[in-house]
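Q: need a structure here:
(chains A, B and C)
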Amino acid sequence: MTMIFGVPMAVFMGQLTLGLVNGAFYALLSLGLAVIFGLLKIVNFAHGAQYMLGAFAALLGFRYLGINYWLALVLVPLVIGGLGMLVERFLLRRIAHLDHLYGLLLTFGLALIFEGTLVNLFGVSGARYATPEVLQGGLNLGFMFLPTYRAWVLVAALAMCLFTWFMIERTRLGAYLRAGTENSQLMQAFGVNVPLLITLTYGFGVGLAAFAGVLAAPLYPVSPTMGSSLLIVVFAVVVIGGMGSILGAILTGLGMGVIEGLTKVYYPEAANTVIFLVMILVLMLRPAGLFGKEA
Amino acid sequence: MTLIKKTLTASIAMAAAVSMSAHAEISDNEVRIGYLADMSGTYRDLAGPGGLTALEMAIADFGGSVNGSPIVVFSADDRNSADVGANTVREWIDQRNVDMVAGLVASSVTIAVTKVLEENNSLGLVSGSAASSVTNEHCTPNHIHWVYDTYPLANGTAKAVVEQGGDSWFLLTADYAFGHALEADVTSVVEASGGEILGNVRHPFPTSDFSSYILQAQGSGAKIVGLANAGADTVNAITTASQFGLTQSGQQLAGLLIFLNDVHALGLEATQNLLLTTGWYWDMDEQSREWSERYFEEVGRMPTMVQAGIYSSTMHYLKAVEAAGTDNPETVRAQMAEEPINDFFARNGRIREDGRMVHDMYLAQVKTPEESTGEWDLYEILSTIPAEEAYRPLSESQCKLVQN
Amino acid sequence: MTESHVLKAPSVVAKRQRRANLRRNAFYLALIVLGLVAPFIAYPVFLMKILCFALFACAFNLLLGYAGLLSFGHAAFLATGGYTTGYLLASYPGLTPELGIIAGTLMATLLGVLFGVLSIRRQGIYFAMVTLALAQLMFFVFIQSPFTGGEDGLHGVPRGELLGFISLRSNMAMYYFVFAIFLFGYALIQRTVHSPFGQVLKAIRENEPRAISLGYNVDAYKLVAFVISAALAGLAGSTKTVVFQLASLTDAHWHMSGEVILMTLLGGVGTLLGPIMGAGLVVSLQHILSQSPLGNWVSVMLGLIFVVCVLSFRSGIVGELGAIYRKNFK
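A: Model (predicted):
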């Protein structure tokens, strides 16, 4: 059997594939954060909680309203995104003129409220969300058995990332958005409703988190704490990619997934820590991150 | 001068009176019990508010008072933090003269609390903790470990699995003291029973994505994949294993520390045929069912072995206080050890000098969805592991209370 | 007339200054007396917990309030101090507690130098994220190292005898020792803030480019502030370990870094008394809630406080009280 760095080729390829699947998740989540940071300059500490709310909405929607997975994939991001817009309109806007750190603190508080409330309502053991029938089973890739659902997650997350990238970088709405980031007063003077744009952007970022939450529901037990451990990893991804950089978030997400995947083979104990190590190294060499613009 | 002398004699007399009365009757004319557990975090469903209900049921069933002295309960959330737990208990003892502390879940909290109990000569009944070190290197004369610990869990499951032909193992170990201890226990049992460990991987604690480790386990070719982890880690590992078709490809999972609430959360689809060792199961026999149905009425969930153990230990404590006529910790501790424990929870139970309550343990298998007849019909009890074989023998003990 | 006015002005100012000083001294005296009497009224262990966290929050506030740097990794210093002291006192029975505390503080100081050198050039959110990442690495070190006891924590740290002959076993003796440490730490912060060094820090916070153009070595100033803050956070952690006789991973978790931000924010960022008030309130709230039927709602309550503070009480309790005082009594 061919060996790569002391591991059989098949195992190596398998880990690479799994790393990409996880990376797609990171990309999707950090994309939402990057979009929000890009326009609002807010470090959205509630992102993990909003991801969790997405998974819970899918679970409860199925349990009490009979909403199936595919419908949830469309509806849940809209509902949670709408909730996000309310948060922006009534809370974040009131502190928009202040130091950006206040946004971080406010969203941190929101995360505590969301998580604490759901812990009290549903406990922490978590519940299972059934994988949709079409996506059950697995694919034999020759070097590994890949569950169909994970392959779907990879495809869906990448498609969503590309869609977002296209929207922001290649459409008129995206151009407004980017211009609003650069100079919101000027945009306002041109007759663009910048506050509305901001509300929509926050809602969109939150919607992305909720979308990731629905994707995650069949993979992991749906529990109130599922987002909080993921959150700081995703932060690290955004910082490494360069805060506010769309492409940076996507590529770094995938890259970090792979690096983490390989760490799990060579030094599994450090799998949760390796991303922070990379982050420190990157910031030493490139203070604005890999794809960020120097301030 | 005389004034000082007078106060001095008075206080000596008072101290003497206090210490005398402590031996003779119930302090403050109340039996004060503190319930300390994780009420909001990871172990909430294992013990948490349900455990408090079990404790209150025990008190109500006992009649609410001992020899005319009412039983008072305080409760607190330790938030899984050793210093919050230790502080709470220190304050209960200093400020409220609490006589006994029940609950005690996360092992780190338990070890911290038992140090406080020992220093202040009070009494603790540990029901939730897993670490066998609680009555081994961390044993004190001031606490009793009631429900289970990692030794019988690892021992019972590993031995049974090897006997059934599962003689090659791959271990997924949580990378911290607890996981390492479990790994060591399993390794020695598997090897002693004629099996071998083909490999292991130490994953960070906690881990949400196990796919990489499951893949490594699949690549190892071992017949059995042992889970030397707990709580959310175990749950995540089992979910991922079922997604990756681990059992379909001929391997089998062995959970070393898994509770009823975990299996309930995971569902039978993912956990079917899993072998595990448990200290008690609600549907074990008539007595257990009867109690559990009463509990279900109150809480809306079936009790875990920890919640049942809280009831059982509290009841045994109250009976000992009644029999001894005092709530003095030493006397009560001695009285509790006198009486064997045979109730709905424990069979052939007795308290050893290291504070371990040994009782029959059970090897169970998780039912398949077809076999199960209801939401909580989850286990089938395969065999009984006799009390004297289940736990770590005293001859191997490092406890300072045991003379070897 | 103009002349006399000019002559008079300095004396009026001086008089006002003297009166303000007098008022402040009286206020501090009252606080010290309160601190001395407190253990006769409230439970000493509870008070010690407040004092330890108050010192921690004051140390954090030195950085956020006076240098404008939001560290999201201060738990690392608290834990480093705590683990070092705990390990030394538990393994070397001859060691006196004050030496253990000094050793713990030194370790935290060293770590502060390391963190500071690595992070101080980053600004705003980047600074917060780098400190968070470094603290996560420390968390990894703590969970991996055998001397911390991992998840089980480090237990059975003896309180020992202060200077070798004053037993700290009684809560009262321990309290006054902790109170003394707290006063020392607080005085140090007070001196730092009011020194020329502190003035430069404030100038950097207000307008960094201008401070640079005035010829100040801005990074060096920030680094010194960071190291002092880390050292005092370590002192708080070391003291806490001696009081509670244990050290655990809770202190190293990033939630702890979040909690100290909450305390400072609630009390008032950039005020000297604010962090003390904030720490007192948060610790009391946790204490009261955890033993009440509302116990399960602690984190929700903390979250609500965060939100309400950010929305309406950004200058914190002390800041708001100060504003009311200035409005009505001046």
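Q: how many neighbours does B:Pro386 have?
A: B:Pro386 has 12 neighbours, counted by other Cβ atoms under 10 Å in any protein chain shown. For the C-beta atoms, the positions are set from N, CA and C on the backbone; glycine is no exception.
Q: need the contact list for the nearest residue to it once chain neighbours are set aside.
A: In this structure, B:Pro386 finds its nearest non-sequential neighbour in B:Asp360, 6.1 Å apart by Cβ to Cβ, 6 or more residues apart in numbering or on different chains. With contact taken as Cβ atoms under 8 Å, 6 or more residues apart in numbering or on different chains, B:Asp360 is in contact with B:Ala346, B:Arg347, B:Asn348, B:Gly349, B:Thr384, B:Ile385, B:Pro386, B:Ala387, B:Ala390.
Q: out of those residues, which end up buried?
A: Among the contacts of B:Asp360, those buried by neighbour count (16 or more other Cβ atoms under 10 Å in any protein chain shown) are B:Ala346, B:Arg347, B:Gly349, B:Ile385, B:Ala387, B:Ala390.
Q: now the third one. Its backbone dihedrals?
A: Dihedral pair for B:Gly349: phi -80, psi 140, per degrees, to the nearest 10.
Q: same thing with the second one?
A: Per-residue torsions, B:Arg347: phi -120, psi 140 (degrees, to the nearest 10).
Q: that one: what's it in contact with?
A: With Cβ under 8 Å, 6+ apart, B:Arg347 has these contacts: B:His359, B:Asp360, B:Thr384, B:Ala387.
Q: returning to that earlier point: want to throw the buried ones among the contacts of B:Asp360 into TSV with pLDDT?
A: Output for the buried ones among the contacts of B:Asp360, formatted as TSV (pLDDT from 0 to 100):
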residue	pLDDT
B:Ala346	94
B:Arg347	91
B:Gly349	94
B:Ile385	91
B:Ala387	90
B:Ala390	90
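Q: ok, so of the residues you listed, who is nearest chain A?
A: B:Ala346 (25.4 Å; Cβ to the nearest Cβ).
Q: count of residues packed around the residue lying closest to the closest one once chain neighbours are set aside?
A: Nearest non-adjacent residue to B:Ala346, counting by Cβ to Cβ, 6+ apart: B:His359, 4.0 Å away. Neighbours of B:His359 under the rule other Cβ under 10 Å: 28.
Q: quick one: B:His359 and B:Phe344 touch, right?
A: No: distance between B:His359 and B:Phe344: 11.9 Å, which falls outside the contact criterion (Cβ atoms under 8 Å).
Q: dump the residue contacts of the residue most central in space within chain B.
A: Centroid-nearest residue in chain B: B:Gly128, 3.3 Å away (criterion: Cα atoms, centre = their mean). Counting by Cβ under 8 Å, 6+ apart, B:Gly128 touches B:Ala37, B:Tyr43, B:Leu46, B:Ala47, B:Gly51, B:Gly103, B:Leu104, B:Val105, B:Ala106, B:Thr110, B:Val147, B:Val306.
Q: pLDDT on stretch B:135-144, on average?
A: For stretch B:135-144, the mean pLDDT works out to 92.
Q: could you do stretch B:270-280 as well?
A: Stretch B:270-280 shows a mean pLDDT of 89.
Q: and the helices in the stretch 101-250 of chain C, which stretches?
A: Listed in chain order, the helices of the stretch 101-250 of chain C (DSSP state H, counting those that start in this stretch) span C:124-144, C:171-194, C:196-206, C:208-213, C:218-244.
Q: quick one: the helices in the stretch 251-400 of chain B, in order.
A: Using DSSP H, counting those that start in this stretch, helices in the stretch 251-400 of chain B cover B:260-266, B:268-271, B:286-299, B:305-324, B:329-338, B:387-390.
Q: tell me the angle the lengthiest helix in chain A makes with helix C:124-144.
A: The single longest helix within chain A, with elements called by DSSP state H, is helix A:9-40. Relative orientation of helix A:9-40 versus helix C:124-144 (axes from the mean of the first three to the mean of the last three Cα atoms, to 10 degrees): 140 degrees.
Q: so which bits of the stretch 101-250 of chain B are right by chain C?
A: Applying Cβ under 8 Å from any Cβ of the partner chain, we find that the stretch 101-250 of chain B lies next to chain C at B:107-108, B:111-112, B:115, B:131, B:133, B:138, B:175-178, B:205.
Q: in helices, which of those appear?
A: B:Ser107, B:Ser108, B:Ile111, B:Ala112, B:Lys115, B:Ala177, B:Phe178.
Q: test my guess that C:Ile32 contacts C:Leu183.
A: Yes: between C:Ile32 and C:Leu183 a contact is recorded at 7.3 Å, counting by Cβ under 8 Å.
Q: most surrounded residue in the contacts of B:Gly128?
A: With neighbours taken as other Cβ under 10 Å, the top of the contacts of B:Gly128 is B:Gly103, carrying 35 neighbours.
Q: please tell me how far that one sits from B:Met357.
A: 15 Å (Cβ to Cβ, to the nearest Å).
Q: repeat that for C:Val130.
A: Distance, C:Val130 to B:Met357, using Cβ to Cβ: 50 Å.
Q: equivalent analysis for C:Ser292, please.
A: For C:Ser292, the distance to B:Met357 - Cβ to Cβ - is 31 Å.
Q: settle it for me: which of these two has more neighbours?
A: Comparing C:Ser292 with B:Met357 by other Cβ under 10 Å, the one with more neighbours is B:Met357, at 28 against 14.
Q: list the contacts for the more buried one?
A: Applying Cβ under 8 Å, 6+ apart, the residues near B:Met357 are B:Ile144, B:His145, B:Trp146, B:Val147, B:Ser313, B:Ile341, B:Ala346, B:Gly349, B:Arg350, B:Ile351.
Q: mind redoing it with 6 Å?
A: B:Ile144, B:Trp146, B:Gly349, B:Ile351 (Cβ atoms under 6 Å, 6 or more residues apart in numbering or on different chains).
Q: turn these into TSV, including distance to B:Asp283.
A: Converted to TSV, these look like this (distance: Cβ to Cβ, whole Å):
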residue	distance to B:Asp283
B:Ile144	27
B:Trp146	21
B:Gly349	20
B:Ile351	27
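Q: which one of those residues sits in the busiest neighbourhood?
A: Most surrounded of those: other Cβ under 10 Å gives B:Trp146, at 32 neighbours.
Q: count the neighbours of the nearest residue to C:Val117 once chain neighbours are set aside for me.
A: In this structure, C:Val117 finds its nearest non-sequential neighbour in C:Leu223, 7.0 Å apart by Cβ to Cβ, 6+ apart. When neighbours are counted by other Cβ under 10 Å, C:Leu223 registers 20.
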